[in-house]
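K.L.:
the following block contains a protein sequence and its predicted model.
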Number of protein chains: 2
Amino acid sequence: MSSMFDEAEQDPKLSVEEFADLEEPLRVKLLNEQYRHLKLKDRALVIVVAGLDGAGKGATINLLNEWLDPRHVRTLAFSKPSKEEKAYPAQRRLWLGLPPKGSVGIMFGASYMPLLKEMTKKKVAPDHIESMIREIRKFEDTLIANEVQIIKLWFHLSRDAQRLRTEKLLANASTAWQVGKNDHKVFKHFDRTRQAGQRVIESTDAAHSPWIIIPSADENMRIVRTAQAVLNALTQRTLKVPPSHDPAATPQHARARPRLDQLDFTVNVSKEVYEQELLQWQNRLANAVRDKNFNKNSLVLVFEGQDAAGKGGAIRRVTHALDARQYRTVSISAPRPFEMDRPYLWRFWRNVPKRGRITIFDRSWYGRVLVERVEGYAKRSAWQRAYQEINEFEQKLFDHGTLVLKFWLAVTPEEQLLRFKSREHSPFKHFKITSEDWRNRRQWPAYAKAAEEMFAKTDTREAPWHVLSANDKRHARLEIIKQITLAVENKG
Amino acid sequence: MSSMFDEAEQDPKLSVEEFADLEEPLRVKLLNEQYRHLKLKDRALVIVVAGLDGAGKGATINLLNEWLDPRHVRTLAFSKPSKEEKAYPAQRRLWLGLPPKGSVGIMFGASYMPLLKEMTKKKVAPDHIESMIREIRKFEDTLIANEVQIIKLWFHLSRDAQRLRTEKLLANASTAWQVGKNDHKVFKHFDRTRQAGQRVIESTDAAHSPWIIIPSADENMRIVRTAQAVLNALTQRTLKVPPSHDPAATPQHARARPRLDQLDFTVNVSKEVYEQELLQWQNRLANAVRDKNFNKNSLVLVFEGQDAAGKGGAIRRVTHALDARQYRTVSISAPRPFEMDRPYLWRFWRNVPKRGRITIFDRSWYGRVLVERVEGYAKRSAWQRAYQEINEFEQKLFDHGTLVLKFWLAVTPEEQLLRFKSREHSPFKHFKITSEDWRNRRQWPAYAKAAEEMFAKTDTREAPWHVLSANDKRHARLEIIKQITLAVENKG
């Protein structure tokens, strides 16, 4: 029966002479293409390394670091997550490990070795495997759409070659350590592993993130085929892109859409009521986040809204109830160069809280579909794609037990004007008002349209939008702390 | 009896009217000075927040974030170190938390709250306290010499005021949570805490990192005095510097100084012996770092030496024996802008390994006293100071159980010339040879002098230099892997 491993399992070899002829031109081309890649800086290249044990994966990583200029190569090995890593959503460490544009990242194992392990089990859990595959495919689609090129190398050899190699290494006391403790097991279960490998490859192969099978029994062959695969990837002039998302797609669990024009902007709270209730809610929130149950969860708060809607003041009313060791406020403005070199969501992944912690975002990843859309900083395809990427990101947080609450503080144009003028006249608030604010104000309808579309596409059960009138600051602040408190209490 | 707390314990107040008169000018000046600080970018400002419980430290941090432009303020609270933090040397988290130049960092507690706690104990350990104080002073000296300004705020109030505030908060269910569970204890032990506070301040007060006592019984007074203290710090035109280090100082545990001119450059190893021995040492090293005992330790390897001395090749012979998940190779070249904005050692602190891990530095912090000295990139005072800073850094690693091994690969000028020429003629090695290399070569005597002085001043028992002939690559590689293996085995 023919299989994708046929060639590799014939254990093809390259003679010393054949290798000598190939080596120099390959190394020269590889280096030249790497420098072109570095100079162009139009994408990052991720090389996933996976395959059978004993096929020389580690040696290949050393080789790539020797043949490429290692200053622009970053190697990451993903072993069993540490306790600290488990306190964050699982995908975080993959995100944080992404190389910047112009660089090459080698990811050893990545999500594939866990998938392979799962598929090799005697009793497989089809649903779990399905969901792992779906996650991997989504993740890779997102990377490629964000200018991260992916190739996946599967190192393979025949059962006999694997046995021979293992026996040879074991026979010599100086090389026995190269045989991992799992190698015996894999060797015993060659058929099962091989079959699982085939399924891993079939289920995650795509034109835009292809698997390449590297015959690995012979070192020379393995080296040349690896180098050729990397060279082909670097030489590729344009990136293949995954089938585009449906921009009209609404979230799976979309709720009744909040509407700016349905808000009651006249609602207000007296000073007396405010001061009393604020203290009570702060009290409840303080207790809720100090509860032991909260250590199993984490909390992400997103504050968006028009300029001068009072985000900062509302945030301070919340943080007043929190322990300084527990929370962090992250102010989001234009991305910095090293952030621009990574997929859009990278800088937000860097700031997700671990269990028991809180991150407050003063503006957020929604900038993509608000300011970047309105001002044209992001391409149409990029911000349209962002709705789905954002929903997936928030879903990941939700799956990890993170509460995600999003607040939109809405003011009327009249109220904003009053606040702008008052800021301009305040000697210690005029730094808060810039020409940009006035420019944004002139774009009011465009921002409103963008906000409405954002609500429609990203208001999910997992991460709901709370759209509220902030014409009266007291009302807004009370409403916010109340929603947060109730959500934390219900979760706990 | 008069004490430093006399004024604060009189619980001075500001009336609403007095406060109203002061607030606006203070806020305006603060903001203006913050922007000047941001624009000048000549230093970072660290504000340490400490003092009695119940004195409003948390509220003050909120206030600073409100009065300053919070986009350039970073607040860090240091609580009991997590398990992950404990896997690294203790000082790492302070280093990583340093704000960049132009910014303000608020450090809640920092090293001071642990010191206070230690001093408040019934049975104090004078040696331990002495060493804590010494560490703090050294750390602050290093920061200030590296353009980090420090002020330390001690929030204080009288015993009666503390009791009143606590009782008042406890009386109201909505505010009771603001009383920490330790507040009662501190309140019971007011005298002891007060006395310990006095000793903390006396032992760590310095003209260049002064303590400022903030009377905290009255909120208005606390706010105004805090704002004034921060304003004074921002307004200060030049940084007070700590008494300079003695540049002639040799390390405490200096060993016999290695000398480049005493090396035997004729030593060499045959290919047969090399291949056999290399495999044996790789085997021993592989076992040593896979031993359970290694998980209690960590390993830092530093590779320095003339250009083309073979650092990369030597490193690969070592990493061949390591598990890719266990080690990381860090290539050090010129610092990037965000690294320039922090003290020199910051970027190396970011890369120290945690327990059970290995970091290999291909070039290192020694660049300060080599290339930066020779090429004039660092001021004379900066590189002269660096010897002591480096010894302290390595001492910190040593104290944590990190093995620090430093290798200098020495080649003769004749051998280097041969390698440069061979690199130029190799189609895949010519990227390794640049005009900079030829320029460095012309500075040979200056580099040799810098290296000799470096050996004399940084060859310590805690982090020894291994200076070896690399004219024969095989000899150098064997020697390196042997030294590493023996050191790991002895430590284990």
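P.N.:
That came through, no problem. Bear in mind that the values here come from a model prediction, so they are computed numbers and not experimental data.
K.L.:
tell me how far A:M340 lies from chain B.
P.N.:
14 Å (Cβ to the nearest Cβ, to the nearest Å). C-beta: built from backbone N, CA, C; applies to glycine.
K.L.:
using PDB, write out every CA atom in stretch A:230-239.
P.N.:
Output of stretch A:230-239 as PDB, limited to C-alpha atoms (Å, rounded to 0.1, in the frame of the first residue of the first chain):
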ATOM      1  CA  VAL A 230      14.300  25.800   4.300                       C
ATOM      2  CA  LEU A 231      15.800  27.200   1.100                       C
ATOM      3  CA  ASN A 232      12.500  26.700  -0.800                       C
ATOM      4  CA  ALA A 233      10.600  28.500   2.000                       C
ATOM      5  CA  LEU A 234      13.000  31.400   2.000                       C
ATOM      6  CA  THR A 235      13.000  31.700  -1.800                       C
ATOM      7  CA  GLN A 236       9.200  31.700  -2.100                       C
ATOM      8  CA  ARG A 237       8.400  35.200  -3.200                       C
ATOM      9  CA  THR A 238       4.800  35.600  -2.000                       C
ATOM     10  CA  LEU A 239       3.100  33.900   0.900                       C
END
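K.L.:
what lies in contact with it?
P.N.:
Contact with stretch A:230-239 is made by A:26, A:29-30, A:33-34, A:36-37, A:43, A:45, A:47, A:64, A:68, A:104, A:144, A:147, A:149, A:151, A:208, as judged by Cβ atoms under 8 Å, 6 or more residues apart in numbering or on different chains.
K.L.:
cool, stretch A:473-487 as well?
P.N.:
A:267-271, A:274, A:277-278, A:281-282, A:284-285, A:288, A:299, A:301, A:309-310, A:313-314, A:317-318, A:321, A:403, A:405, A:407, A:409, A:466, A:468-470.
K.L.:
go with 7 Å
P.N.:
Contacts with stretch A:473-487, where a contact means Cβ atoms under 7 Å, 6 or more residues apart in numbering or on different chains, come from A:267-269, A:274, A:277-278, A:281-282, A:284-285, A:288, A:301, A:310, A:313-314, A:317-318, A:403, A:405, A:407, A:409, A:466, A:468-470.
K.L.:
and it, what's buried?
P.N.:
A:473-485, A:487 (16 or more other Cβ atoms under 10 Å in any protein chain shown).
K.L.:
in helices, which of the contacts of stretch A:473-487 fall?
P.N.:
For the contacts of stretch A:473-487, the ones inside helices are A:Y274, A:E277, A:L278, A:W281, A:Q282, A:R284, A:L285, A:A288, A:G313, A:A314, A:R317, A:V318, with DSSP state H as the criterion.
K.L.:
tally of neighbours for the fifth one?
P.N.:
Residues lying near A:Q282 (other Cβ atoms under 10 Å in any protein chain shown) number 22.
K.L.:
would you map the strands across the stretch 301-450 of chain A?
P.N.:
Secondary structure of the stretch 301-450 of chain A (DSSP state E, counting those that start in this stretch): strands at A:327-331, A:358-362, A:402-410.
K.L.:
now the angle from the second one to strand A:402-410?
P.N.:
Between strand A:358-362 and strand A:402-410, the angle formed by their directions is 30 degrees, by axes from the mean of the first three to the mean of the last three Cα atoms, to 10 degrees.
K.L.:
hmm, strand A:358-362 touching chain B?
P.N.:
No: where contact is defined by Cβ under 7 Å from any Cβ of the partner chain, no part of strand A:358-362 touches chain B; the two come within 8.1 Å at best.
K.L.:
against which helices or strands is that strand packed?
P.N.:
If contacts are counted by 3 or more Cβ pairs under 7 Å, 6 or more residues apart in numbering or on different chains; DSSP states H and E, strand A:358-362 sits against strand A:298-305, helix A:311-319, strand A:327-331.
K.L.:
what sits up against it?
P.N.:
For strand A:358-362, with Cβ under 7 Å, 6+ apart as the criterion, the contacting residues are A:298-303, A:311-312, A:315, A:322, A:326-332, A:351-353.
K.L.:
please pick the buried ones from those.
P.N.:
Restricting those to buried positions leaves A:298-303, A:311-312, A:315, A:322, A:326-329, A:331-332, A:352-353, with burial counted as 16+ other Cβ under 10 Å.
K.L.:
also within reach of chain B: list those from the residues you listed.
P.N.:
Among those, the residues that sit close to chain B (Cβ under 7 Å from any Cβ) are A:S331.
K.L.:
tell me which parts of the stretch 1-150 of chain A are close to chain B?
P.N.:
Within the stretch 1-150 of chain A, the positions adjacent to chain B are A:24, A:27-28, A:31, A:58, A:61-62, A:66, A:69-71, A:75, A:77, A:79, A:83-84, A:108 by Cβ under 7 Å from any Cβ.
K.L.:
now the nearest residue to A:V267 once chain neighbours are set aside: which helix or strand?
P.N.:
For A:V267, ignoring the flanking residues on the chain, the nearest one in space by Cβ to Cβ, 6 or more residues apart in numbering or on different chains is A:H475 at 5.3 Å. In the assignment (DSSP states H and E), A:H475 maps to helix A:473-491.
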